[in-house]
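Novice: test case, fold it:
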Amino acid sequence: MSCMKLYAVSDLHLSHVENRQAFSLVAGHREDWLVLAGDVAEKYSDLQFAFDFLLPRFKRVVWVPGNHELWTIPSSGERERGQFRYDRLVALCRSYNVLTPEDPYPVVRLGNDSIRIAPLFLLYDYSFRPDHIPLQRAVEWAKESGIACTDEILLHSDPFPNRAEWCHARCDLSQARLQQCMDGLPTILINHFPLREDLVQLPRIPRFSIWCGTRRTADWHLRFNARVVVSGHLHIRSTRYRDGVRFEEVSFGYPHQWAGTNIINRVVREIWPGTSS
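Specialist: Numbers count the residues shown, from 1 in each chain. Here you go, the predicted structure:
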């Protein structure tokens, strides 16, 4: 009898035709779980398309939001902003029985291990910047190197005053929930944005780091007994270790960032019990 496995992929960006075509080649693993670690697409209809395709192919799907899902694009006809948009995305997921950061963290049997799956939604607070740059200058500092982020236009924080405050509220909520689960079981932590600043290595656009996470989560892999931490957002696939914990960046990316026949099934990574990449 085969053991259940956990797979993961992020940053599918299904609004791109090439990505949508590649996505249609995702192989089924009907006895296994799949994590979608954010940036599936910007529109509700594209998220529905992804669920309709994946649910018959996997035993369970887990979703966390990326920044692109949280965008409010005027031309799309979708009007919800900030927390209200996120709430609608959660409702959509629940209508498909897709696990979200708002649901109880399940304990599942993966291989020979019982592991708690913890999908998180933590955002960023511009703290991934040099210490001498004050918070109020973070975006200006990035712009000085020619770097801008569409989030500044399309990712609203309603009803929070700004994205940093929303991030802090999400960290408080998630930390409290994880602390309630500290029963000795190992965890797999899942968040679109990396949990550690030292994992954000962007040689071509280093100052984009301010939109990539929060320093508040730097030790969560230790505090919450993580075996693996899954993230995306960087579009730089990698397997790295910190303090003996495996960190998996599982991005697919934009069309110009990948090439090859059936590459999607090399990108959909086996997270537990091991890696298949």
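
Novice: tell me the average confidence for the strand or helix carrying residue 8?
Specialist: Using DSSP states H and E, the element containing residue 8 is strand 6-9. On average, the pLDDT along strand 6-9 is 98.

Novice: parallel or antiparallel, which strands does it pair with?
Specialist: According to DSSP bridges, strand 6-9 forms sheet pairs with strand 29-36 (parallel), strand 269-272 (antiparallel).

Novice: ok, and what's touching the last one?
Specialist: Residues from elsewhere that reach strand 269-272 (Cβ atoms under 8 Å, 6 or more residues apart in numbering): 5-9, 35, 110-111, 113, 115, 188, 227-228, 230, 237, 248, 250, 275-277. (Glycine included, C-beta is placed from N, CA and C.)

Novice: ok, then the element right after the strand holding residue 8?
Specialist: helix 17-23.

Novice: state the mean pLDDT of that following helix.
Specialist: 95.

Novice: which residues does that helix contact?
Specialist: So helix 17-23 is contacted by 12, 13, 14, 50, 53, 252, 254, 255, 258, 263, 264 (Cβ under 8 Å, 6+ apart).

Novice: buried ones in that helix?
Specialist: Neighbour counts over helix 17-23 (16 or more other Cβ atoms under 10 Å) mark 19, 20, 22, 23 as buried.

Novice: now do that helix: distance to the chain's middle.
Specialist: 19 Å (Cα atoms, centre = their mean, to the nearest Å).

Novice: with only the CA atoms kept, save it in CSV.
Specialist: C-alpha atoms of helix 17-23 as CSV (Å, rounded to 0.1, in the frame of the first residue of the first chain):
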residue,chain,number,x,y,z
VAL,A,17,-1.8,31.6,-21.9
GLU,A,18,1.5,29.7,-21.9
ASN,A,19,1.1,29.0,-18.2
ARG,A,20,-2.4,27.8,-18.6
GLN,A,21,-1.3,25.4,-21.3
ALA,A,22,1.5,24.1,-19.1
PHE,A,23,-0.9,23.7,-16.2
